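Trainee: Any chance you can model this:
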Amino acid sequence: MSREPSRSLRATGRATLADVARLAEVSPMTASRALRGERSVDPALAQRVHDAVLKLGYQPDPAARALASRRSSHVVVLIPSLTNLLFVDLLEAAQDSLRAAGFQTLIGITHYDAGEEEQLVREHLLHRPAGVLLTGLEQTRATRREIAAQSLPCVTMMENASAAEDCSVGFSQVEAAAAMTRHLLQRGRRRIAFAAAQLDARTLQRLEGWRRAMAAAGRHDARLEWRDAAASSVGLGARMFEQILAAKPPVDAIFFCNDDLAHGALLAALRLGIEVPQRVAVAGFNDLPESAYTVPTLTTVRTPRAEVGRRAAEMLLARIRGQALETPHLDLGFELVVRESS
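Mentor: Down below sits the predicted model:
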């Protein structure tokens, strides 16, 4: 084969997939598979294809690809929020894996609203995506019907599904919260409050984990449950800290459902001159970067959010390519990070 650009390229000024294949000395099918990142392509051949792409300035035509394959090169990724670093980390990791495989992301923000998620799915399906990544398992029946009707590969993130037909990558929110509660109990704390905001499904699962651990220790008291449906924030955490400490009977530990609230609590404690953990222990959830530098440093649960995004994207890519999965439900676990605040 000749490694010279084709006449069609010289005539139109725009490289085609055939031009890339000719320059790389591979078939158009192999060039297409290499550009999609399929692992079955020999690495040396894939490198030749990518070198040809760079030399020719080839740009794939998404519309043509969608027409030929009945699917676009886009993947829908729906997350609850972009103000929560948890989901930013998850999204970046997923997007990096998808882009490396030749897919673009269509991002949607659900605001923890299943109805809004349903509408976003309906809108994005008009673009004939190759697959969907969803956060959590609380989709409406209509959302699941829409995805199933198109036989669309789908993977859920941050929770572990149980249905055989589902695919998921996450960890047990319940067990993670129970482990933190047991840690506080082992430190001699007896009246451990649970402070929750947003009250989305994963927060309520953490509440359930706290309840189970407290009940197992004979320490559960409904008066120790503090719930606020407002969006989570540092300011709300400070207010909740003051409210909980002012309540009777007194508490000796507060387990906040996320680090944002716990950061606010630690700032309030500094302002009020309340010693942590001597007077009251404080714990959080998610291990945000600032948690290693608060005063005192925050005891929390480290969640594998970036790894969840990466592995979920890889699982979705496998499903798009029709590859068999070792397991449809991947539990990545969690880590208890014990610092000064407990």
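Trainee: Assign T156 to helix, strand or coil.
Mentor: Using DSSP: H, G, I helix; E, B strand; the rest coil, the structure places T156 in strand.
Trainee: Tell me who's in contact with it.
Mentor: L133, L134, T135, G136, L137, D166, C167, S168, V169, G170, A312 (CB atoms under 8 Å, 6 or more residues apart in numbering). To be clear about C-beta, it is placed using only N, CA and C from the backbone, and glycine gets the same treatment.
Trainee: wait, what's in contact with the last one?
Mentor: With contacts defined as CB under 8 Å, 6+ apart, A312 is in contact with A94, L133, V155, T156, M157, S168, V169.
Trainee: returning to that earlier point: any chance of the contacts of T156 in CSV, with pLDDT, secondary structure and distance to N84 too?
Mentor: Compiled in CSV, the contacts of T156 are given as follows (pLDDT from 0 to 100; DSSP: H, G, I helix; E, B strand; the rest coil; distance: CB to CB, whole Å):
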residue, pLDDT, secondary structure, distance to N84
L133, 98, strand, 16
L134, 97, strand, 16
T135, 97, strand, 11
G136, 95, coil, 13
L137, 93, coil, 18
D166, 83, coil, 24
C167, 95, coil, 24
S168, 96, strand, 20
V169, 97, strand, 18
G170, 97, strand, 16
A312, 98, helix, 17
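Trainee: List buried residues within these.
Mentor: L133, L134, T135, G136, L137, C167, S168, V169, G170, A312 (16 or more other CB atoms under 10 Å).
Trainee: Just the helices from the protein, written as ranges.
Mentor: Remark: helices assigned in the chain by DSSP state H are 7-12, 17-24, 28-35, 43-56, 62-69, 85-100, 114-124, 141-149, 173-186, 201-216, 234-246, 259-272, 305-320.
Trainee: The third one packs against which elements?
Mentor: Right, the one you point to is helix 28-35. helix 17-24, helix 43-56 (3 or more CB pairs under 8 Å, 6 or more residues apart in numbering; DSSP states H and E).
Trainee: tell me the angle of the shortest one relative to helix 43-56?
Mentor: Spelled out, that is helix 17-24. For helix 17-24 against helix 43-56, the angle by axes from the mean of the first three to the mean of the last three CA atoms, to 10 degrees is 120 degrees.
Trainee: elements contacting helix 17-24?
Mentor: helix 7-12, helix 28-35, helix 43-56.
Trainee: and if we set it to 6 Å?
Mentor: helix 28-35, helix 43-56 (3 or more CB pairs under 6 Å, 6 or more residues apart in numbering; DSSP states H and E).
Trainee: Show me what the longest one packs onto, helices and strands only.
Mentor: Taking 3+ CB pairs under 6 Å, 6+ apart as the contact definition, the neighbouring helices and strands of helix 43-56 are helix 17-24, helix 28-35.
Trainee: With mean pLDDT added, can I get these in JSON lines?
Mentor: Listed next are those as JSON lines, based on pLDDT from 0 to 100:
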{"stretch": "helix 17-24", "mean pLDDT": "90"}
{"stretch": "helix 28-35", "mean pLDDT": "83"}
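Trainee: how about those in a markdown table, adding distance to D228 and mean neighbour count?
Mentor: Listed next are the helices and strands packed on helix 43-56 as a markdown table, based on distance: least, CB to CB, whole Å; neighbours: other CB atoms under 10 Å:
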| stretch | distance to D228 | mean neighbour count |
| --- | --- | --- |
| helix 17-24 | 55 | 22 |
| helix 28-35 | 49 | 20 |
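Trainee: Rebuild those helices as a markdown table, extending it with distance to E242.
Mentor: Formatted as a markdown table, these follow (distance: least, CB to CB, whole Å):
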| stretch | distance to E242 |
| --- | --- |
| helix 17-24 | 64 |
| helix 28-35 | 57 |
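Trainee: nearest to Q205, of the helices and strands packed on helix 17-24?
Mentor: Nearest to Q205 among these is helix 28-35 (40.4 Å), distances taken as CB to CB.
Trainee: now the angle from that closest one to helix 17-24?
Mentor: 90 degrees.
Trainee: So for the residue nearest the centre of the chain, what's the pLDDT?
Mentor: By CA atoms, centre = their mean, the chain has its centre lying nearest to L90, at 3.9 Å. Per-residue confidence at L90 stands at 97 (pLDDT).
Trainee: Against L82, how distant is it?
Mentor: For L90, the distance to L82 equals 11 Å [CB to CB, to the nearest Å].
Trainee: and what of V276?
Mentor: 31 Å.
Trainee: Surely T110 touches E116?
Mentor: Yes. Using CB atoms under 6 Å, T110 is in contact with E116, at 5.1 Å.
Trainee: more neighbours, the two?
Mentor: Higher neighbour count among T110 and E116: T110, with 23 against 15, using other CB atoms under 10 Å.
Trainee: Show the contacting residues for that one.
Mentor: Neighbouring residues of T110 by CB atoms under 6 Å, 6 or more residues apart in numbering: L78, P80, E116, E117.
Trainee: Nearest residue to it in space, please, no chain neighbours.
Mentor: E117 (4.1 Å; CB to CB, 6 or more residues apart in numbering).
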